[in-house]
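*Asks:* quick one: sequence plus predicted model below, questions after.
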Amino acid sequence: MVPDHNIMSEEEVSALLSHYNITTDQLPKIFHDDPAVKTIGANVDDVIRIVRMSHTAGRAEAYRLVIKRPKK
């Protein structure tokens with residue numbers, strides 16, 4: 001089963017970055033042509049929240065910056 005993917009608002013992104021004292025460049029990346037990214041309609045430079053159910057943590061959230069896949 002695919003974890004829940006959601007596009008974060010600018011306010012949510014600002015709160016996330018200030019909470020962890022990081023920049024968007026320091027977030028893990030996900031390519032714009034990833035099937036989950038396409039499904040939710042995210043664009044390059046959007047930040048995605050991924051929510052997974054975990055046996056140990058209960059609910060685990062991860063964040064990814066959408067980037068364009070480099071050409072070969």
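*Replies:* Received, thanks.

*Asks:* packing partners of the helix ranked longest in the chain?
*Replies:* With secondary structure taken from DSSP state H, the chain has its longest helix at helix 10-20. When contacts are defined as 3 or more CB pairs under 8 Å, 6 or more residues apart in numbering; DSSP states H and E, helix 10-20 sits against strand 47-54. Where C-beta positions appear, they are placed from N, C-alpha and C, glycine not excepted.

*Asks:* what's the angle from the strand it packs on to helix 10-20?
*Replies:* 70 degrees (axes from the mean of the first three to the mean of the last three CA atoms, to 10 degrees).

*Asks:* so what touches strand 47-54?
*Replies:* Outside of strand 47-54, the residues within contact range by CB atoms under 8 Å, 6 or more residues apart in numbering are 3-8, 12-13, 16, 24, 27, 30, 36-37, 40, 42, 59-66.

*Asks:* now intersect those with the helices, please.
*Replies:* Among those, the members that lie in helices (by DSSP H) are 12-13, 16, 36-37, 40.

*Asks:* picking up where we left off before, filter the contacts of strand 47-54 down to the buried ones.
*Replies:* By the neighbour-count criterion of 16 or more other CB atoms under 10 Å, the contacts of strand 47-54 include these buried positions: 5, 7-8, 13, 16, 27, 30, 37, 42, 63-66.

*Asks:* check the residues you listed and tell me the two furthest apart.
*Replies:* Within the buried ones among the contacts of strand 47-54, two members stand farthest from each other by CB to CB: 16 and 37, at 17.9 Å.

*Asks:* report the beta-bridge partner residues of residue 67.
*Replies:* When bridges are called by DSSP bridges, residue 67 pairs up with residue 31.

*Asks:* could you do residue 47 as well?
*Replies:* Note on residue 47: beta-bridge partners residue 65, judged by DSSP bridges.

*Asks:* distance of it relative to residue 11?
*Replies:* From residue 47 across to residue 11, the span is 11 Å (CB to CB, to the nearest Å).

*Asks:* okay, those two: which has more neighbours?
*Replies:* For residue 47 versus residue 11, neighbours defined as other CB atoms under 10 Å are more numerous around residue 47 (21 against 8).

*Asks:* fine by me, we can end here.
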